[in-house]
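Engineer: the amino acid sequence is not available; the structure is as follows:
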């Protein structure tokens with residue numbers, strides 16, 4: 001399988017051990033308050049000695065309607081994104097902002113992208129890499145609940161793996177993407193050592209599937225999985241499951257946040273030498289039969 005499209009320097013991987021932090025937060029429709037929470041979480045990550053902080057989906061804004069989401073979308077080259085770059089640079093910390101609604105310039109319907117942004121610690125002023133969420137969550141439940149992400153959001157069409165980060169090759173996903181193992185296999189094929197699923201997962205599906213899916217994607221891809229999560233009540237219509245997780249490539253949960261804590265970080269070591277040993281002892285990617293799997 002080919003996953004080279006969208007990869008950024010995926011062949012350049014630094015081995016060793018690095019400490020990372022993954023955040024849990026409860027974003028609302030107030031961008032200034034969410035940004036203040038991000039700054040507090042960054043400060044905690046620096047104090048903990050982390051080289052990189054991972055924030056959840058919708059870190060800057062969670063609204064209660066598609067119209068609110070569209071109205072709150074920001075420009076990739078706008079002030080809000082530049083502020084995130086400045087926060088990372090001032091802290092000397094790499095930053096993964098797991099989901100920001102960004103404007104689509106040529107969208108006739110005014111749709112936005114759900115964008116995973118990665119900032120380095122050097123003050124570049126703009127994201128080092130951008131991934132647009134590929135799989136959109138549209139569902140009509142018998143209970144009457146309707147969730148249609150595609151009403152406001154345009155799907156992305158590239159696999160993105162960022163090379164030469166503090167954690168080696170970093171594969172970018174967002175929330176619902178975790179239900180599609182082919183995406184994470186493609187990230188691994190493109191050089192990922194760590195894969196991500198920053199999320200705002202619903203409570204019922206979180207209780208049933210959150211831990212199982214994230215551990216499975218880590219085991220299948222033989223990558224560390226980092227899943228920063230939204231938690232709690234965002235507004236009258238939305239509540240998130242929480243349980244920010246870091247999972248190692250053997251499927252062991254090495255850090256988890258309690259769902260009772262609305263603003264927190266968890267910290268873990270990413271050991272790329274250990275990752276290499278897992279892959280050497282069980283070389284499943286040497287045994288792939290992609291000619292059988294075409295759909």
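Structural biologist: Yep, that arrived. Please read these numbers as outputs of a predicted model, since none were measured by experiment.
Engineer: where do the strands sit along the stretch 101-250 of the chain?
Structural biologist: Listed in chain order, the strands of the stretch 101-250 of the chain (DSSP state E, counting those that start in this stretch) span 112-119, 129-132, 138-140, 146-148, 161-165, 168-171, 194-196, 224-227, 229-233, 239-241, 245-247.
Engineer: between the ones you listed, which one is nearest to residue 52?
Structural biologist: strand 161-165 (7.0 Å; C-beta to C-beta). For every residue, glycine as well, the C-beta is placed using N, CA and C.
Engineer: show me what counts as buried in the closest one.
Structural biologist: Within strand 161-165, the residues that count as buried by 16 or more other C-beta atoms under 10 Å are 161-165.
Engineer: swap in stretch 182-196?
Structural biologist: For stretch 182-196, by 16+ other C-beta under 10 Å, it's 183-196.
Engineer: ok, stretch 146-161 next?
Structural biologist: Neighbour-count burial for stretch 146-161, counted by 16+ other C-beta under 10 Å, picks out 147, 149, 151-154, 156, 159-161.
Engineer: where does residue 96 sit: helix, strand or coil?
Structural biologist: Put simply, residue 96 is strand when judged by DSSP: H, G, I helix; E, B strand; the rest coil.
Engineer: pLDDT at it, what is it?
Structural biologist: pLDDT for residue 96: 98.
Engineer: tell me the contacts of it?
Structural biologist: Residue 96 sits next to 52-55, 116-119, 170, 172, 196, 198, 226, 228 when contact means C-beta atoms under 8 Å, 6 or more residues apart in numbering.
Engineer: mind redoing it with 10 Å?
Structural biologist: Residue 96 makes contact with 20, 22-23, 52-56, 59, 88, 116-119, 129, 162, 165, 167, 170, 172, 194, 196, 198, 226, 228, according to C-beta atoms under 10 Å, 6 or more residues apart in numbering.
Engineer: and if you look at residue 90?
Structural biologist: Counting by C-beta under 10 Å, 6+ apart, residue 90 has contacts 39, 42, 46, 121, 123.
Engineer: please report the distance of it from residue 129.
Structural biologist: 20 Å (C-beta to C-beta, to the nearest Å).
Engineer: same for the least confident helix or strand in the chain by mean pLDDT, what does it pack against?
Structural biologist: For the chain, counting by mean pLDDT, DSSP states H and E, strand 146-148 ranks last in confidence among helices and strands (a mean of 79). Applying 3 or more C-beta pairs under 10 Å, 6 or more residues apart in numbering; DSSP states H and E, one finds that strand 146-148 makes contact with strand 138-140.
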